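1. missing the sequence, but the structure's below:
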């Protein structure tokens, strides 16, 4: 959640911490930080699935603090930032890569001293902001959100005007088509009958090169035999003729031999 959207007061955060039903060690650390927040602080509290609770608070958007407390009541991460000064961001963490803002002249406190450090930081900045500064900061955020919402509405209005123009043009087209349809005569049954297309003339018939078949030409065509069948019939006749000639020759030879013997 963004800092502008946080609405819980320190009293609300205190009740939320109690409802989390955490261990006494974890609840004690959270309450110590919340109790140090004097003035119009706003924040939010959440917890992950591993039991670690995260507290985030800010004072008029100028001073911000985040603290992660394990279920055993140990601070695992502390992040403080003073936006009114440069290079004022500090991160306390057991991981070297997450540490930020510490130098040899100002080394990071040891882990047992983290709670005292964050409580002192919250108490020191609590007197830097009065009610007027809080109202100005909230007004700035509300005004920014209002401008964003106005831009969204203007975009929706422009799109709606365009759709209205398209609707008006379509309504005018429908009215013109309906008026034209009313001026036309009603369609009768004969008007709905569609005649089949006429066949196109054959170019051969028009030139005279093609003669339509008649009954006589059809009968003559029926008398034409298959040339293949005629050849087979002739072959059979030739074979019969040769067999007859051979039989006559045999009878003549037999007759001659009988006459010679007599």
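-> Noted; the coordinates are in hand. All values reported here derive from a predicted model rather than from experimental measurement.
2. what about the strands in the chain?
-> Secondary structure of the chain, counting by DSSP state E: strands at 41-47, 53-59, 63-69, 75-82, 90-93.
3. what's the burial count for residue 55?
-> Residues lying near residue 55 (other CB atoms under 10 Å) number 22. C-beta here means a position set from N, CA and C on the backbone, and glycine is covered the same way.
4. beta-bridge partners for it, please?
-> residue 45, residue 67 (DSSP bridges).
5. number the chain from 44, please
-> Noted, 44 is the first residue going forward, which turns the last one into residue 98.
6. is it true that it touches residue 109?
-> Yes: in this structure, residue 98 is within contact of residue 109 by CB atoms under 8 Å, at 7.1 Å.
7. which stretches of the stretch 194-305 of the chain aren't confidently modelled?
-> 231-240, 244-280, 286, 290-305 (pLDDT under 70).
8. now with 90, please.
-> 227-305 (pLDDT under 90).
9. check the offset of stretch 170-188 from the chain's centre.
-> Chain-centre distance of stretch 170-188: 42 Å, with CA atoms, centre = their mean, to the nearest Å.
10. oops, could you answer that again for stretch 83-90 instead?
-> With CA atoms, centre = their mean, you get 37 Å for stretch 83-90.
11. okay, buried residues for stretch 127-137 please.
-> Neighbour-count burial for stretch 127-137 flags 133, 134, 135, 136 (criterion: 16 or more other CB atoms under 10 Å).
12. so which of these comes closest to residue 74?
-> residue 135 (19.3 Å; CB to CB).
13. run through the bridge partners of the closest one.
-> Note on residue 135: beta-bridge partners residue 121, judged by DSSP bridges.
14. re earlier: tabulate the strands of the chain (TSV), appending distance to residue 218 and mean pLDDT.
-> Below are the strands of the chain laid out as TSV (distance: least, CB to CB, whole Å; pLDDT from 0 to 100):
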stretch	distance to residue 218	mean pLDDT
strand 84-90	59	88
strand 96-102	61	92
strand 106-112	63	93
strand 118-125	66	94
strand 133-136	70	95
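15. looking at those, spot the one closest to residue 199.
-> strand 84-90 (31.0 Å).
16. which other helices and strands does that closest one contact?
-> With contacts taken as 3 or more CB pairs under 8 Å, 6 or more residues apart in numbering; DSSP states H and E, strand 84-90 sits against helix 53-62, strand 96-102.
17. if you set the cut-off to 10 Å instead, what comes out?
-> helix 53-62, helix 67-78, strand 96-102, strand 106-112, helix 157-169, helix 174-226 (3 or more CB pairs under 10 Å, 6 or more residues apart in numbering; DSSP states H and E).
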